[in-house]
Each structure stands twice: as C-alpha cells, then as structure tokens.
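Participant: A predicted structure for the sequence below; I have some questions about it.
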Amino acid sequence: MKDRRKVKNGKYTKMTLNLMSTPAWRALSTKAQALYIWLKLEWKGPKRNNNGTISLSCRAAATKMSVTPNTAAAGFRELQKKGFITVTRPSFLGTEGEARLQLYEITELVMPGSKAPRHLYAKWKEGSDFEVIAPAKTETRIKK
C-alpha cells in the first residue's frame with residue numbers, strides 16, 4: 001500500500017468565499033481573477049513563505065492564461081488597484097542590462113515575520129483605487 005503523503009497530485013491553491021464575496025473581487029474582470037489564481041500558485045506555502053518576493057512576468061502570465069502580454073499587464077494593474085497585490089520591489093533594468101522582475105505581496109496572505117495578512121482588498125471602495133506601480137519600460141530606439 002502506498003503512503004498517501006508521498007503521492008503528489010500537483011500544486012493547488014485555496015480560494016475562499018470570504019475573498020470572492022468582496023466588492024473588490026466582484027469588480028475585477030475575469031482576466032484579473034484568473035491572473036490572481038496564477039499568482040497565488042507562485043506562493044510556496046506557510047513553511048517556505050515567499051510572500052513579498054513573489055514574481056511572475058507579464059509574458060509568463062500571458063502564456064499561462066493564453067492571452068496577450070498587454071492583457072496580462074492589465075490584469076496586474078487591476079489587482080493592484082483593488083488591493084489584492086502590492087509591489088514590494090519595482091522592476092528595473094540592472095547595471096549590466098539585466099532586467100529585474102517586480103516582486104509582489106499577495107495581501108490575502110501573511111508576510112514573513114508578520115502575524116496577520118493586510119487584506120487591502122477588503123478596504124477597497126468604488127472610486128478609491130489603490131496605487132499602481134507599473135513595470136519599467138525599456139526605451140525603443142529607432143535606427144536612422
């Protein structure tokens with residue numbers, strides 16, 4: 001007989017009715033709701049808590065969601081506006097031209113070293129969006 005604890009059924013995430021009943025969740029587009037689930041799947045759980053250092057690029061998110069990168073980027077902005085995620089480190093182009101992804105906190109989850117999650121989405125009200133920090137854009141140079 002196999003030990004059930006060793007059987008891996010893949011990764012999963014929990015979505016609570018409390019979260020999905022908030023006005024902020026209901027105000028999200030379906031693309032932002034789908035993106036939120038993919039972002040939560042990047043969390044490593046309470047034992048290896050990486051909340052605050054969660055990263056997912058627009059291109060990777062677009063591939064996972066089968067949408068364009070612009071659609072994924074719009075989902076990231078929506079999640080920030082409604083308080084589901086916050087940027088803990090903005091993206092930037094490093095000294096050697098190496099890009100660094102934005103890092104995110106999922107406000108539903110506790111941050112390492114904290115006792116409770118912030119639940120910013122529960123404080124969201126229509127017309128009072130949270131700040132959005134957009135990913136850094138590289139300049140497009142036109143050859144003459």
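Facilitator: Done, it's in.

Participant: following the lowest-mean-pLDDT helix or strand in the chain, which helix or strand comes up?
Facilitator: Scoring the helices and strands of the chain by mean pLDDT, DSSP states H and E places strand 92-93 at the bottom, with a mean of 79. The first helix or strand that comes after strand 92-93 along the chain, using DSSP states H and E, is strand 99-100.

Participant: for that following strand, packing partners?
Facilitator: When contacts are defined as 3 or more Cβ pairs under 8 Å, 6 or more residues apart in numbering; DSSP states H and E, strand 99-100 packs onto strand 92-93. For every residue, glycine as well, the C-beta is placed using N, CA and C.

Participant: picking that back up, the least confident helix or strand of the chain pairs with which strands, and in what direction?
Facilitator: Partners of strand 92-93 in the sheet, by DSSP bridges, are strand 99-100 (antiparallel).

Participant: and the strand it pairs with, how far out from the chain's middle?
Facilitator: Taking Cα atoms, centre = their mean, to the nearest Å, the mean C-alpha location of strand 99-100 is offset from the chain mean by 17 Å.

Participant: same deal with stretch 79-93?
Facilitator: Using Cα atoms, centre = their mean, the distance from the centre of stretch 79-93 to the centre of the chain it belongs to is 8 Å.

Participant: ok, now stretch 126-134?
Facilitator: Here the centre of stretch 126-134 is set off from its chain's centre by 15 Å, with Cα atoms, centre = their mean.

Participant: okay, it in PDB with CA atoms only?
Facilitator: Extracted in PDB, the C-alpha atoms of stretch 126-134 (Å, rounded to 0.1, in the frame of the first residue of the first chain):
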ATOM      1  CA  GLU A 126     -15.700  52.000  -5.700                       C
ATOM      2  CA  GLY A 127     -13.800  55.100  -6.900                       C
ATOM      3  CA  SER A 128     -11.000  54.700  -4.300                       C
ATOM      4  CA  ASP A 129      -8.400  52.600  -6.100                       C
ATOM      5  CA  PHE A 130      -5.000  51.800  -4.600                       C
ATOM      6  CA  GLU A 131      -1.800  53.000  -6.200                       C
ATOM      7  CA  VAL A 132      -0.500  51.100  -9.200                       C
ATOM      8  CA  ILE A 133       3.200  50.700  -9.900                       C
ATOM      9  CA  ALA A 134       3.700  49.700 -13.500                       C
END
